[in-house]
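Peer 1: please find the sequence and the predicted model below.
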Amino acid sequence: MAEPKPSPDDYEWGNIVGEGAFGDVVKAVEKRTGRTFAVKKMLKSHLQKEQNKKFVMNERNVLSKCNHPNIVKLYSAFRDDQFFYYVLNFADNGEALKYIRNNQGLHLDLVKFWTAEVVIALEYLHTEVGVIHRDLKPENLLVDSNFHLLLTDFGTSKIVPIDEGAKPRKGSFVGTPEYMAPELVKETESCFASDLWSLGCTLYQMICARPPFRGVTEYLTMKKVMEGISAISFPEPFPPVARDLIEKLLHLDPMQRPGSKSYADLKKHPFFDGINWENLHSQDVPPIKGPDVKFVWQEDIIKEEQERQERERTELREKWKSFLYPPENIVVSGHVIKKRKMSKKRRFLILTDTPRLFYVDPKKMELKGEILWDKTLKVAVKNDVVWTVSIPKRVYDFEDISKEASRWKEGIEKLQKSKNE
């Protein structure tokens with residue numbers, strides 16, 4: 001007697017655990033066995049376009065070929081009037097990205113182990129099945145009940161003859177810009193080594209919680225991808241052995257990436273020292289925790305300094321706004337001693353982009369004078385403190401209290417040059 005066809009009635013349906021392009025991923029318990037699965041429910045109405053239908057069918061075709069402990073398993077596929085259903089492993093612990101973000105990166109022991117699991121999954125796809133994944137990223141790495149990784153989301157993957165997979169092949173523009181290999185960005189070509197590029201991006205993010213290629217727009221991100229390793233900023237202190245592997249994986253030439261010719265080359269990289277490649281899935285996963293160090297990016301330091309300066313400019317403008325014209329910005333300012341004959345007065349001197357150079361009594365908040373600005377104005381710095389401004393028939397003598405007299409000369413002469421151009 002033939003077994004009945006699977007149907008939605010075979011399951012107790014639970015919560016939505018994920019969302020895909022064409023529907024939801026729902027936790028479901030098979031009534032007959034009590035086993036828990038993740039079921040992709042894809043609305044048929046979303047699959048009217050041929051390209052969308054191709055992605056869904058492609059995933060089924062790929063997964064039906066795969067049998068690997070680090071690749072999500074397709075147990076069955078069926079349909080009803082509204083949906084296509086794919087019954088898959090239920091990954092109890094969600095996406096790897098969650099742990100990366102929550103811990104602001106991962107401990108190097110865990111990074112090494114999880115990366116090794118991704119490597120053997122790619123090795124299986126490339127050398128035994130003939131599949132280019134084309135969208136490897138932390139969101140597509142699921143964490144099972146024992147904290148091992150499962151590679152998922154094969155909708156945009158490509159099946160190729162194993163002996164031809166090393167050659168770039170024309171295809172669709174697919175993937176996620178932050179992890180796409182440059183050959184995919186430039187020529188919409190992909191090969192097995194395109195996944196190795198994505199591996200390098202994923203390894204970088206596992207360590208420090210950020211993808212290596214980040215732009216304000218997708219276009220700027222892809223522009224950085226085309227520049228390759230020169231566009232990446234490594235935070236300090238980044239593990240040197242990991243950096244070496246990432247730099248090699250992010251080679252612009254696909255055939256120069258370790259693993260492109262032989263996975264033995266990739267596995268013997270010093271980053272993987274201590275990894276026992278046999279039966280990784282049966283080994284204990286290192287503790288799930290963050291890195292031992294706090295990473296600092298040079299770009300963050302620059303950004304923080306720019307933000308600090310902007311705050312200071314805003315506070316400065318707010319304090320002295322009664323002396324400024326509406327569109328006017330302060331270029332240089334500071335406390336000075338203004339000398340005239342035997343008199344010495346403490347003043348707050350302001351140079352603006354109008355340009356104007358004027359001084360205020362900082363106690364009484366009264367405008368005390370303005371130096372006539374014309375082409376003949378000259379600045380002379382005698383030392384860190386003493387400097388002068390000369391105009392026809394008048395010389396102004398100043399002492400800079402902060403001992404940075406040269407900043408006035410630089411600011412004034414820069415404005416003079418810009419106004420003369």
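Peer 2: Structure received. Numbers count the residues shown, from 1 in each chain.
Peer 1: poorly predicted segments of the chain, please.
Peer 2: 1-3, 50-51, 165-173, 421 (pLDDT under 70).
Peer 1: how's it carved up into domains?
Peer 2: Annotated domains of the chain cover 8-89, 96-301, 324-420 [automatic domain parsing].
Peer 1: so what secondary structure elements neighbour the helix or strand encompassing Cys201?
Peer 2: Under the criterion of DSSP states H and E, Cys201 resides in helix 192-208. Applying 3 or more CB pairs under 8 Å, 6 or more residues apart in numbering; DSSP states H and E, one finds that helix 192-208 contacts helix 96-102, helix 108-124, strand 131-132, helix 182-187, helix 240-249. For every residue, glycine as well, the C-beta is placed using N, CA and C.
Peer 1: out of the ones you listed, deepest packed?
Peer 2: Greatest average neighbour count among the helices and strands packed on helix 192-208 goes to strand 131-132 (a mean of 25), per mean count of other CB atoms under 10 Å.
Peer 1: residues making contact with that one?
Peer 2: Strand 131-132 is contacted from outside by 62, 65-66, 125-126, 154, 157-160, 165, 190-192, 194-195, using CB atoms under 8 Å, 6 or more residues apart in numbering.
Peer 1: hmm, 7 Å instead?
Peer 2: 62, 125, 157-160, 165, 190-192, 194-195 (CB atoms under 7 Å, 6 or more residues apart in numbering).
Peer 1: where does Leu266 sit: helix, strand or coil?
Peer 2: With DSSP: H, G, I helix; E, B strand; the rest coil as the basis, Leu266 sits in helix.
Peer 1: what about it, neighbour count?
Peer 2: 23 (other CB atoms under 10 Å).
Peer 1: that older thread, tell me the most buried of the domains of the chain?
Peer 2: With a mean of 18, the top stretch among the domains of the chain by mean neighbour count (mean count of other CB under 10 Å) is domain 96-301.
Peer 1: got the end-to-end distance for that one?
Peer 2: 28 Å (CA to CA, to the nearest Å).
Peer 1: chain center to it, what's the gap?
Peer 2: The chain centroid and the centroid of domain 96-301 are separated by 13 Å under CA atoms, centre = their mean, to the nearest Å.
Peer 1: how about the most centrally placed residue in the chain, phi and psi?
Peer 2: Against the mean C-alpha coordinate of the chain, by CA atoms, centre = their mean, the closest residue is Pro211 at 3.2 Å. When read as degrees, to the nearest 10, the backbone of Pro211 gives phi -70, psi 150.
Peer 1: so how far is Ser194 from it?
Peer 2: Distance, Pro211 to Ser194, by CB to CB, to the nearest Å: 16 Å.
Peer 1: likewise Glu413?
Peer 2: Going from Glu413 to Ser194 by CB to CB gives 53 Å.
Peer 1: what of Gln283?
Peer 2: Counting by CB to CB, the gap from Gln283 to Ser194 is 29 Å.
Peer 1: likewise for Gln309?
Peer 2: 42 Å.
Peer 1: OK, contacts around Ile16?
Peer 2: 24-26.
Peer 1: can we see that at 6 Å?
Peer 2: With contact taken as CB atoms under 6 Å, 6 or more residues apart in numbering, Ile16 is in contact with 24, 26.
Peer 1: what about it, which helix or strand?
Peer 2: Using DSSP H and E, Ile16 falls in strand 11-19.
Peer 1: gap between that strand and the chain center?
Peer 2: With CA atoms, centre = their mean, you get 30 Å for strand 11-19.
Peer 1: give me the contacts around the next helix or strand after it.
Peer 2: Next helix or strand after strand 11-19 toward the C-terminus (DSSP H and E): strand 23-30. Contacts to strand 23-30, defined as CB under 6 Å, 6+ apart, come from residues 11-18, 36-43.
Peer 1: same thing with stretch 280-295?
Peer 2: 69, 99, 103-105, 107, 109-110, 113, 117, 147-148, 208, 235, 237.
Peer 1: endpoints of that stretch, how far apart?
Peer 2: 29 Å.
Peer 1: kindly report the same for stretch 30-43.
Peer 2: 21 Å.
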